[in-house]
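1. what shape does this take:
(2 chains)
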There are 2 protein chains.
Amino acid sequence: MFKKLLIVGCGLIGSSILRGSINKRISKKIFVYEKSKKNIIKIKRINSKIIILKKLDKRISDIDFVVLSTPMSQYASVIPHLNKFLDKKCIITDVGSTKQNVLNLKNKKLNKSLDWILSHPIAGSEVSGPEFGTKNLFLNKLCVIVKDKNKNKLKKIIRFWKILGSKVILMDPQDHDKIFALTSHLPHLIAYNLMKTAQDFQKKQKKNIIKFSAGGLRDFSRIAASNEIMWRDIFFNNDNIIKAINLFTKNLNSFKKIIQNKDNKKLLSRLSNSKKVRKQIVQLKQDVAKPDFGRE
Amino acid sequence: MFKKLLIVGCGLIGSSILRGSINKRISKKIFVYEKSKKNIIKIKRINSKIIILKKLDKRISDIDFVVLSTPMSQYASVIPHLNKFLDKKCIITDVGSTKQNVLNLKNKKLNKSLDWILSHPIAGSEVSGPEFGTKNLFLNKLCVIVKDKNKNKLKKIIRFWKILGSKVILMDPQDHDKIFALTSHLPHLIAYNLMKTAQDFQKKQKKNIIKFSAGGLRDFSRIAASNEIMWRDIFFNNDNIIKAINLFTKNLNSFKKIIQNKDNKKLLSRLSNSKKVRKQIVQLKQDVAKPDFGRE
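-> Residues are numbered from 1 along each chain as shown, chains lettered A, B, ... in the order given. Prediction:
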């Protein structure tokens, strides 16, 4: 499909793209730009033919496909190198979890002659680093691609993600950021907040409560173990998160009142309604159907 | 161990006690009191020797061990029957998720000649009903038993749960309710609240967001699918839940401010600290170590 693929930043997502691309023979040559020495050692073990770049220089001038998979906060420092060395035939994409900010950055900083079509594969996990990547990370997972005027290049990006196994969906950046504020960013924030609350309580009460976490807390601890750089970038870049927090807080206050008033009817109807979401999620194949996620 | 065991209410937990007790030959005869006709059909299929009671009458007079595994809100209607028919040699326990309220009820309503030692096996799941019970539901799971003056009967209760595979821990009812307010009741409430928030947003925006739930929301939907009667009883009976909500809200407000102020240092330190809980939970064997709970 490509002659020269460049993966910029090779953690969980980058190394999964790398592995999937090798497996599907997506590109004749594969270049990886990675700053971390530790990661470079791990990446070299994946395949001896991978060409590791420690600098983005003229060696990238005839790359035909670039995937940015660094934390989003590093995109700005990568763009000048793309501007300087890339040819206009090249296609650029990224895997960032918010899209309006990336689009703004692209419009502001990227040479008009270059094409960057934005992607967001929904395939994260609580682990990070190239050692956790797998060639099947994207298999049957959704990948959002931001609508673009350049239909030819858009087609290529769609084909790329489909070869890796993704189910592709096209979206406006505003819609993307609104939807994921609720389905991903708010849940992560709430999970982090619950961990802090449990820690604060533990300190105050001088009781080891973590050892009793099997009754619910443990589920939240998984997504609150996600990479802090990635999540800092998300929380700072999706304006919708504040609205989502406000809506959540409003509901939490009314939930509290229902409990304080011992309003049996309202509480039962609220719990029964909320319960419906799980069934929809399982029906839409967004989660496994087994109780307890099939744990153990 | 017992001659006649009576299980009052036979859903997920009751039927797991039933299955475990049959498997470990804990009692010569096993009686099940269950109101739901649908459930009775399912229970009869488990083992043909189970004696189903549709009323609690003089047939329970020589029972030596009673487990209450109905929703907590039904305990009050069961106690008069225990008072009327049980002998003082009998031991009573329950599996309710809050303990101070059960202790109060016992002190107020149960005949002084009878002994009720409180238990709480930490073994729930999002599914309910006897068809989901398993003989190994309690295997390697914690079971909290409330400290009691009657050392002989306490020993028997401890032995009972250990035979079913539980790791037993003794606790004061106040401590129990404080700890589980944070590790179980608040996480469930937060999960239910997140589902409502997602539903509200979906209605308002007229977008199907549930189909994008794989990025985080799906984890929360599992525990927000738990039985509404059980959770109504918990939310109405643990006074600590209001304090827990207040602590959570305080932290959520400061989290929001950190984001609004783009306070990089504070945000990174908050995320890194919260991240630590997961490691502790896995080390304490309160959850599986595999990424993504080992899903799929």
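2. separation between residue A:251 and residue A:78?
-> Distance from residue A:251 to residue A:78, counting by CB to CB, to the nearest Å: 40 Å. The C-beta positions use only the backbone N, C-alpha and C, and glycine is treated the same way.
3. got the contact list for residue A:101?
-> A:72, A:237-238 (CB atoms under 8 Å, 6 or more residues apart in numbering or on different chains).
4. same question, residue A:292
-> Contacts here follow CB under 8 Å, 6+ apart; on that basis residue A:292 touches B:125-126, B:222.
5. for it, give its distance to residue B:236.
-> 26 Å.
6. also residue A:273?
-> In terms of CB to CB, residue A:273 sits 18 Å off from residue B:236.
7. cool, and residue A:214?
-> 23 Å.
8. again with residue A:186
-> As judged by CB to CB, residue A:186 and residue B:236 stand 27 Å apart.
9. please identify which helix or strand holds the closest residue to residue A:279 other than its chain neighbours.
-> The spatial neighbour of residue A:279 that comes closest, neighbours along the chain excluded (CB to CB, 6 or more residues apart in numbering or on different chains), is residue B:225 at 7.5 Å. For residue B:225, there is no host helix or strand (DSSP states H and E).
10. and the pLDDT at residue B:225?
-> Per-residue pLDDT puts residue B:225 at 96.
11. ok, and the closest non-adjacent residue to the spatially most central residue of chain A?
-> In chain A, the residue lying closest to the centroid (CA atoms, centre = their mean) is residue A:97, at 4.6 Å. Nearest non-adjacent residue to residue A:97, counting by CB to CB, 6+ apart: residue A:234, 5.0 Å away.
12. which helix or strand contains the one you found?
-> Per DSSP H and E, residue A:234 falls inside helix A:228-237.
13. care to break chain A down by domain?
-> A:2-171, A:175-294 (automatic domain parsing).
14. which of those sits most buried?
-> Stretch with highest mean neighbour count among the domains of chain A: domain A:175-294 (a mean of 20; mean count of other CB atoms under 10 Å in any protein chain shown).
15. next, the distance between the ends of that domain.
-> Counting by CA to CA, to the nearest Å, you get 33 Å between the two ends of domain A:175-294.
16. hey, where'd the strands end up in chain A?
-> A:2-8, A:27-33, A:51-53, A:65-68, A:91-94, A:115-116, A:119-121, A:142-146, A:167-171 (DSSP state E).
17. next up, the contacts around the residue lying closest to residue A:156 once chain neighbours are set aside.
-> In space, residue A:156 comes closest to residue A:91 once its chain neighbours are excluded; the distance is 6.0 Å by CB to CB, 6+ apart. Contacts for residue A:91 (CB under 8 Å, 6+ apart) come out as A:64-66, A:115, A:117, A:153, A:156-157.
18. which one of the contacts of residue A:101 is nearest residue A:42?
-> residue A:72 (22.3 Å; CB to CB).
19. surely that closest one meets residue A:100?
-> No: applying CB atoms under 8 Å, one finds residue A:72 not in contact with residue A:100, separated by 11.6 Å.
20. between the two, which contacts overlap?
-> Common neighbours of residue A:72 and residue A:100, counting by CB under 8 Å, 6+ apart, are residue A:237.
21. which parts of the stretch 1-150 of chain A sit against chain B?
-> When proximity is defined by CB under 8 Å from any CB of the partner chain, the stretch 1-150 of chain A lies next to chain B at A:97, A:122, A:124-127, A:132, A:141-142.
22. any chance of those in a markdown table with pLDDT and distance to residue B:25 as columns?
-> Output for the residues of the stretch 1-150 of chain A next to chain B, formatted as a markdown table (pLDDT from 0 to 100; distance: CB to CB, whole Å):
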| residue | pLDDT | distance to residue B:25 |
| --- | --- | --- |
| A:97 | 98 | 54 |
| A:122 | 96 | 50 |
| A:124 | 82 | 48 |
| A:125 | 88 | 44 |
| A:126 | 92 | 42 |
| A:127 | 93 | 44 |
| A:132 | 95 | 46 |
| A:141 | 95 | 48 |
| A:142 | 96 | 50 |
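23. dump these into a markdown table; add distance to residue A:47 as well.
-> Supplementary listing: the residues of the stretch 1-150 of chain A next to chain B in a markdown table, determined by distance: CB to CB, whole Å:
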| residue | distance to residue A:47 |
| --- | --- |
| A:97 | 27 |
| A:122 | 26 |
| A:124 | 23 |
| A:125 | 22 |
| A:126 | 26 |
| A:127 | 21 |
| A:132 | 17 |
| A:141 | 23 |
| A:142 | 27 |
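24. who's in contact with the nearest residue to residue A:230 once chain neighbours are set aside?
-> Closest residue to residue A:230 apart from its sequence neighbours, by CB to CB, 6+ apart: residue A:71 at 5.5 Å. Neighbour list for residue A:71: A:9, A:227, A:229-230, A:233 [criterion: CB under 8 Å, 6+ apart].
25. wait, residue A:90 sits on residue A:61?
-> No: taking contacts as CB under 8 Å, residue A:90 lies outside contact range of residue A:61: 9.2 Å.
26. what about dumping the CA coordinates of stretch A:207-214 to CSV?
-> These are the backbone C-alpha positions of stretch A:207-214, laid out as CSV (Å, rounded to 0.1, in the frame of the first residue of the first chain):
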residue,chain,number,x,y,z
LYS,A,207,-7.9,2.4,57.4
ASN,A,208,-6.7,0.2,54.6
ILE,A,209,-9.7,0.3,52.3
ILE,A,210,-8.0,-0.6,49.1
LYS,A,211,-8.0,-4.3,50.2
PHE,A,212,-11.8,-4.2,50.1
SER,A,213,-12.0,-2.8,46.5
ALA,A,214,-13.5,-5.9,44.9
